[in-house]
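In: following is a predicted model, sequence given first.
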Amino acid sequence: MCCPECGLVYSSQLYSTDQSRSFYDSEEFWAGPLVRGWSREFDEQSPEVQLFRQALARLKDEGVSGKILDVGCSSGLFLELARREGWEPYGVEISERAVQAARENFGLAVFCGTLEEARFQADSFDAVTLWDVIEHFDDPKASLREIARVTRPGGVLVICTPNCGSLFHKFLRGLHSVTFGRVPGPLPLLYPDKHNTYFTPDTLDDVLSRTGFETVQRQGFAAHPGRWLRAKVAWPVRAATHVLDRLSGLVGGRYRMLVFARRR
């Protein structure tokens, strides 16, 4: 569904926090490809590690340092990389299983629950990150207001989320519709039914502006079928995904966007 006033795309059936908690604690999720590289033996060359390092380098270039909060931190891989760069890391995660992994793998300080339940003091953090998380929020505007509250003025929010304004997104959504939801290949991995909201650059800028942030930079990143290439995906699907994503970058942006916003 699409909001007629702001153009925000959202699911007609919201996936609740309790449903998310149940899924991310399940064997189905932990046996899947997404979490295989999130242990002490993570791959330094994996796409997500490279993305995390780029974001940390950008924060350093902006002169931001100190305390960093990763909301929806899973088993803590990003926070471990941040600690190695001199940050004081904190995490929030609704999955008890992921929190246990973060503590056991990396010895991280992670709160088990929602950001609102953590009740951090105002202006606590110099940077906050949302890695493929904002699209899962029940109420993105309310969550961003809480993030603004715990971020110091001048602090930076980093968001990575799919760009539903991309040609990539529109093509796959169209293909999904004309095949009545039965299209095989990368669609379920790139657009899982656990997402509640999809943003374009404009709608994300708008909600950030309404909640106390100002966008300062945006980058596009490629789609990776098989969730960062750890699942088995046939080479024709990968090749087609690569071509479509490259074309998408020329007309409306690539599949994922990495956004840096400053707290006003």
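Out: Structure's in. What do you need?
In: quick one, helices of the stretch 1-150 of the chain?
Out: All helices of the stretch 1-150 of the chain, identified by DSSP state H, counting those that start in this stretch, fall at 17-24, 27-30, 47-61, 77-84, 96-106, 115-118, 140-150.
In: which residues touch the top strand by length along the chain?
Out: Criterion DSSP state E: the longest strand present in the chain is strand 151-162. Strand 151-162 is contacted by residues 51, 55, 59, 62, 64, 123-135, 147, 169, 190-191, 195, 198-199, 204, 208, 213, 216, 221, 255-264 when judged by C-beta atoms under 8 Å, 6 or more residues apart in numbering. For glycine as for every other residue, the C-beta is placed from the backbone atoms N, C-alpha and C.
In: quick one on the thing from earlier: worst average pLDDT in the helices of the stretch 1-150 of the chain?
Out: Sorting those by mean pLDDT places helix 27-30 lowest, at a mean of 81.
In: who are the packing partners of that helix?
Out: Of the remaining helices and strands, none touches helix 27-30 by 3 or more C-beta pairs under 8 Å, 6 or more residues apart in numbering; DSSP states H and E.
In: next, the buried residues of it.
Out: Using 16 or more other C-beta atoms under 10 Å as the test for burial, helix 27-30 gives 29-30.
In: re the thing from before, which of the helices of the stretch 1-150 of the chain sits most buried?
Out: Most buried of those, by mean neighbour count (mean count of other C-beta atoms under 10 Å): helix 77-84, with a mean of 21.
In: alpha carbons of that helix, in CSV - could you do that?
Out: Output in CSV follows, covering the C-alpha atoms of helix 77-84 (Å, rounded to 0.1, in the frame of the first residue of the first chain):
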residue,chain,number,x,y,z
LEU,A,77,29.4,-8.3,14.0
PHE,A,78,29.1,-4.6,13.2
LEU,A,79,29.7,-3.6,16.9
GLU,A,80,32.8,-5.8,17.0
LEU,A,81,34.2,-4.0,14.0
ALA,A,82,33.3,-0.6,15.5
ARG,A,83,35.1,-1.5,18.7
ARG,A,84,38.2,-2.4,16.8
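In: what's the ChimeraX syntax to select whichever of the contacts of strand 151-162 are buried?
Out: Selection of buried members from these for ChimeraX, criterion 16+ other C-beta under 10 Å:
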select :51,55,59,64,124,125,126,127,128,129,130,131,132,133,134,135,147,169,190,191,195,198,199,204,208,213,221,255,256,257,258,259,260,261,262,263
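In: from Leu144, how far off is Phe137?
Out: Using C-beta to C-beta, to the nearest Å, we find Phe137 at a distance of 8 Å from Leu144.
In: so what strands line up beside the longest strand of the chain?
Out: Strand 151-162 pairs in its sheet with strand 125-131 (parallel), strand 256-263 (antiparallel), by DSSP bridges.
In: could these be laid out in JSON lines, adding distance to Leu244 and mean pLDDT?
Out: Converted to JSON lines, those look like this (distance: least, C-beta to C-beta, whole Å; pLDDT from 0 to 100):
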{"stretch": "strand 125-131", "distance to Leu244": "23", "mean pLDDT": "98"}
{"stretch": "strand 256-263", "distance to Leu244": "13", "mean pLDDT": "95"}
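In: which among those strands is found nearest to Leu108?
Out: Among these, strand 125-131 comes nearest to Leu108, with 13.6 Å by C-beta to C-beta.
In: and the closest one, how far from the chain's centre?
Out: Centroid displacement of strand 125-131 relative to its chain, using C-alpha atoms, centre = their mean, to the nearest Å, is 11 Å.
In: tell me what angle that strand forms with helix 47-61.
Out: Orientation check (axes from the mean of the first three to the mean of the last three C-alpha atoms, to 10 degrees): strand 125-131 against helix 47-61 gives 160 degrees.
In: 371 is where my numbering starts, stick with that
Out: Renumbered: residue one is now 371, and that last one reads strand 495-501.
In: what's the residue nearest to Ser494 when sequence neighbours are not counted in contact with, if anything?
Out: Among residues not flanking Ser494 along the chain, Val520 sits closest, at 4.9 Å (C-beta to C-beta, 6 or more residues apart in numbering). Counting by C-beta under 8 Å, 6+ apart, Val520 makes contact with 439, 485, 490-495, 498.
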